[in-house]
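> Generate coordinates for the sequence data below:
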Amino acid sequence: MRLAYLHAGSIPSVFANGVHVMRMCDAFTAAGHEVTLYTLPGSHPAEDPYAYYGVRHRFPIRTVPVADYTPSGYWKRAERVRGLLERDGVPELVYGRDPYGLCAAADLAPFVYEAHQLRRDLEPAGTERDLLARPRLTRLVTITHALAHDLRSTYADLGALPILVAPDCADPVDPTPDRPLRQLPGRPDVPRIGYVGHLYEGRGIGLILRLARRFPGLDFHLVGGTPEYRERWETSCDLSNVHFHGHRPPTELPSYYRNFDLLLSPHESKVYTWGKLDEIGRWTSPMKVFEYMAHGLPMIVSDLPVLREVLQDRVNCLLRPPDDTDAWADALTELLADGPLRRRLGDEARRQLLERYTWRRRADSVLAGLPPAAAPAVTGPEGR
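Take a look at the predicted model:
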């Protein structure tokens, strides 16, 4: 099937949405589809976006800039995207997270809209409602059941929406990598506690630093974060056992995971995107949690309703209240003292990832059961 993926963010970039989009395009291509990605030009200096993200397939990427980052600018860009779709040959299916682009192209082909939050930022007001009312909407993909519930409630007047819940994912990890172990700063003979992700408000960085102060015999490594957020946290931290590594290309992250003994994901109840533009805590599905699972490492994660859609305490992780530092300290102490528990949690997390949460499985799932013109390819061995 010829599939166009519409993305309103930059490729490459330091943001998680770029990882998600490139992984999905890679998985669609692995499933046998002809994929073209329409995206903004890169906001991060990388010569080869395929190498930067570590994807296996070199699907075409068409960059369509925006003149100004305003609704008017995005609408004008959406019309240019539509023109490119017509000139490139109208695809059999349009898929994307770009409401403006999907609105502009909604009459060209059946389309799938993937939502990661309620879009209250779109102008004019009612843009998302208009998109969901279009007759060629084939499927609405959400990353959590909580978001599916809120979309149904918000747009109840539109009737039954064609919603499919598809959590975020990760790729399986090679258990015997041929790359050398990355050398990290700090002490080589103490346990290493890892966090991978952004450093925005609501990501629980303050809790990690409180734990580091309580456990001077452990080294804490935080991988990720834009330069301004890294500087903000690093300049206020006076702990010698905390190491900030800043943003790293996705393809480099496995070499960090291989150094860690256990991982933290301390999301707060309110989670913000860059610059506090949006609050997404009710709907979040952190990709890094799935990467943690793929690496088979034990993890402590915030006990939030939306995360319980995937995680279960003492089965594939330890869940602790995001505002209870004592509970996190107790969980950290327990995991460090109990090797069999660490192995059991990590092994079960990896097993569930391979069984349920790979990008290839997700790519097949979001297209399954669509009309014949948008039917998925048959899943092969790569569909694990």
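
> contact partners of stretch 162-178?
Residues outside stretch 162-178 that contact it (Cβ atoms under 8 Å, 6 or more residues apart in numbering): 20, 23, 137-145, 148, 151-152, 254, 257-258, 285-287, 289-291, 293-296, 309-310, 353-354, 357-359, 361-362, 365-366, 384. (Each C-beta comes from the backbone N, C-alpha and C, glycine too.)

> Report the buried members of these.
Using 16 or more other Cβ atoms under 10 Å as the burial test, those include 20, 23, 137-144, 148, 151-152, 254, 257, 285-287, 289-291, 293-296, 310, 353-354, 357-359, 361-362, 365-366 as buried.

> Show only the entries of those found in helices.
Those of the buried ones among the contacts of stretch 162-178 mapping onto helices are 20, 23, 148, 151-152, 254, 257, 287, 289-291, 293-294, 353-354, 359, 361-362, 365-366, per DSSP state H.

> Skipping its backbone neighbours, what lies nearest V81 in space?
G101 (4.7 Å; Cβ to Cβ, 6 or more residues apart in numbering).

> Could you pull up the contacting residues of that neighbour?
Contacts of G101 by Cβ under 8 Å, 6+ apart are 6, 8, 38, 77-78, 81-82.

> Tell me the pLDDT of A377.
If you check A377, the pLDDT there is 38.

> on that earlier part again, what spatial separation is found between the residue nearest to V81 and D150?
23 Å (Cβ to Cβ, to the nearest Å).

> Are we agreed that T36 is in a helix?
No. Secondary structure of T36, determined by DSSP: H, G, I helix; E, B strand; the rest coil: strand, with no helix assignment.

> Find the nearest non-adjacent residue to it, please.
What sits nearest to T36 in space, not counting adjacent residues and going by Cβ to Cβ, 6+ apart, is P60, at 4.6 Å.

> separation between the one you found and P91?
Separation of P60 from P91 (Cβ to Cβ) stands at 12 Å.

> Find residues that contact each of the two.
Overlap of the contact sets of P60 and P91 (by Cβ under 8 Å, 6+ apart) consists of T36.

> Need the pLDDT of the residue lying closest to G224 once chain neighbours are set aside.
Take G224 and drop its neighbours on the chain: the residue closest to it by Cβ to Cβ, 6+ apart is G197, 5.0 Å away. pLDDT, G197: 93.

> and G197, how many neighbours does it have?
Counted with other Cβ atoms under 10 Å, the neighbours of G197 add up to 23.

> so it sits right up against G204, yeah?
No. Look at G197 against G204 with Cβ atoms under 8 Å: they stay out of range, at 9.4 Å.

> buried residues in the helix or strand hosting R80?
Per DSSP states H and E: R80 is located in helix 71-88. Neighbour counts over helix 71-88 (16+ other Cβ under 10 Å) mark 74-75, 77-78, 80-82, 85 as buried.

> roughly how far out does stretch 257-265 sit from the chain middle?
18 Å (Cα atoms, centre = their mean, to the nearest Å).

> hang on, I meant stretch 11-19
Its chain's C-alpha centre and that of stretch 11-19 lie 9 Å apart, by Cα atoms, centre = their mean.

> quick one, strands of the stretch 201-350 of the chain?
219-223, 242-246, 262-265, 299-302, 318-320 (DSSP state E, counting those that start in this stretch).

> and the second one, what does it pack onto?
Of the remaining helices and strands, those touching strand 242-246 by 3 or more Cβ pairs under 8 Å, 6 or more residues apart in numbering; DSSP states H and E are helix 205-214, strand 219-223, helix 227-236.

> Just say which of those is most tucked in.
strand 219-223 (a mean of 24; mean count of other Cβ atoms under 10 Å).

> which residues sit against that one?
Outside strand 219-223, the residues touching it (Cβ under 8 Å, 6+ apart) are 184, 186-187, 190-197, 199, 205, 208-209, 211-212, 233, 239, 241-246, 248, 253, 256, 259-260.

> Now restrict the residues you listed to buried residues only.
The neighbour count (16+ other Cβ under 10 Å) marks 184, 186, 191-197, 199, 205, 208-209, 211-212, 233, 241-246, 248, 253, 256, 259-260 as buried among those.

> Just give the closest residue to the residue sitting nearest the centre point of the chain, not the sequence neighbours.
In the chain, the centroid-proximal residue (Cα atoms, centre = their mean) is M287; its distance is 3.7 Å. The shortest distance from M287 to any non-neighbouring residue, by Cβ to Cβ, 6+ apart, is to D168 (4.7 Å).

> Quick check, pLDDT for the one you found.
On the pLDDT scale, D168 is placed at 95.

> ditto for G42
Looking at G42, the pLDDT reads 89.

> quick one: it and V14 touch, right?
No. Between G42 and V14 no contact is recorded; they are 10.3 Å apart, counting by Cβ under 8 Å.

> Could you check the angle the longest strand anywhere in the chain makes with helix 71-88?
For the chain, the strand with the greatest residue count under DSSP state E is strand 2-11. For strand 2-11 against helix 71-88, the angle between stretch directions is 140 degrees (axes from the mean of the first three to the mean of the last three Cα atoms, to 10 degrees).

> can you list the domain ranges for this protein.
Domain assignment for the chain, taken from automatic domain parsing, gives 2-169+358-383, 192-356.

> if I look at E228, how far off is C237?
E228 is 15 Å from C237, by Cβ to Cβ.

> repeat for V271
Using Cβ to Cβ, one gets 21 Å for the distance from V271 to C237.

> for V90, same thing?
To C237, V90 is 53 Å away according to Cβ to Cβ.

> Looking at these two, which has the bigger crowd around it?
C237 (18 against 14).

> wait, isn't that one in contact with G206?
No. C237 is beyond contact range of G206, at 10.3 Å (criterion: Cβ under 8 Å).

> Identify the contacts common to those two.
By Cβ under 8 Å, 6+ apart, C237 and G206 have no common neighbours.

> re the thing from before, what helices or strands is the longest strand of the chain leaning on?
Strand 2-11 sits against helix 16-30, strand 34-41, helix 71-88, strand 93-96, helix 99-105, with contacts defined as 3+ Cβ pairs under 8 Å, 6+ apart.
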